[in-house]
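Participant: Sequence and computational prediction follow.
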Amino acid sequence: MPKTALILVDIQNDYFEDGLWPVPEMDRVAANAARLLAAARTGGDLVVHIRHENQIPEVPFLQPGTAGAEIHALVAPAGGEAVLTKHRANSFHGTGLLDMLHEAGVEAVTICGAMSQMCIDATARAAGDFGFQVTVAEDACGAKEMEFGGVEVSAAQVHAAFMMPLAMGYAQVVKTEDLIGA
């Protein structure tokens with residue numbers, strides 16, 4: 001069985017209902033991520049928490065030094081778990097994540113968090129491109145509703161639209177229960 005890392009991406013306070021940029025069903029997403037986190041800790045997997053900080057002052061959410069940018073209490077890092085800060089969608093970009101995974105001998109990654117259409121997609125694709133076996137716990141990922149060119153797309157549709165291509169070529173896309181039961 002390959003050495004695995006759990007990568008929790010951007011499960012931060014601003015994405016919850018009382019935050020500045022709420023993602024639908026983020027409580028459910030975080031609860032599933034917390035189940036994955038407990039299983040990873042029990043199994044001795046490497047755990048990496050990723051947090052996003054916006055560098056654009058006009059973007060009000062996930063601003064450095066704010067409570068909204070902090071990792072949510074449901075998946076709070078335990079002592080010794082890595083916490084990496086990123087400024088782009090791809091969790092590998094400028095964070096040292098790739099070196100950390102290689103140094104630990106990790107061959108497979110499980111990814112969860114927010115948002116499906118941005119950071120989960122970018123991180124999963126990069127992990128696949130770097131040669132890792134990638135699993136995305138789709139019910140531990142949250143998407144935000146979007147609008148483009150006058151077309152409004154629900155959060156559920158956005159989520160599905162990004163999980164489908166990941167499942168086609170980059171990742172095994174599964175439910176939390178399937179991973180915990182495995």
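Facilitator: That came through, no problem.
Participant: quick one: the helices in this structure?
Facilitator: 26-43, 97-103, 121-129, 155-169, 176-181 (DSSP state H).
Participant: and those helices, which is most packed in?
Facilitator: helix 121-129 (a mean of 21; mean count of other Cβ atoms under 10 Å). No exception for glycine: its C-beta is placed from N, CA and C like everyone else's.
Participant: I'd like the helices of the chain as TSV, with mean pLDDT and distance to Phe16 appended.
Facilitator: Output for the helices of the chain, formatted as TSV (pLDDT from 0 to 100; distance: least, Cβ to Cβ, whole Å):
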stretch	mean pLDDT	distance to Phe16
helix 26-43	98	5
helix 97-103	98	24
helix 121-129	98	20
helix 155-169	97	14
helix 176-181	93	18
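Participant: Let's have those in a markdown table, adding distance to Ala114.
Facilitator: Formatted as a markdown table, those follow (distance: least, Cβ to Cβ, whole Å):
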| stretch | distance to Ala114 |
| --- | --- |
| helix 26-43 | 7 |
| helix 97-103 | 17 |
| helix 121-129 | 11 |
| helix 155-169 | 11 |
| helix 176-181 | 15 |
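Participant: So which of these is nearest Glu81?
Facilitator: In terms of Cβ to Cβ, the element of those nearest to Glu81 is helix 26-43, at 8.5 Å.
Participant: All good on my end, thank you.
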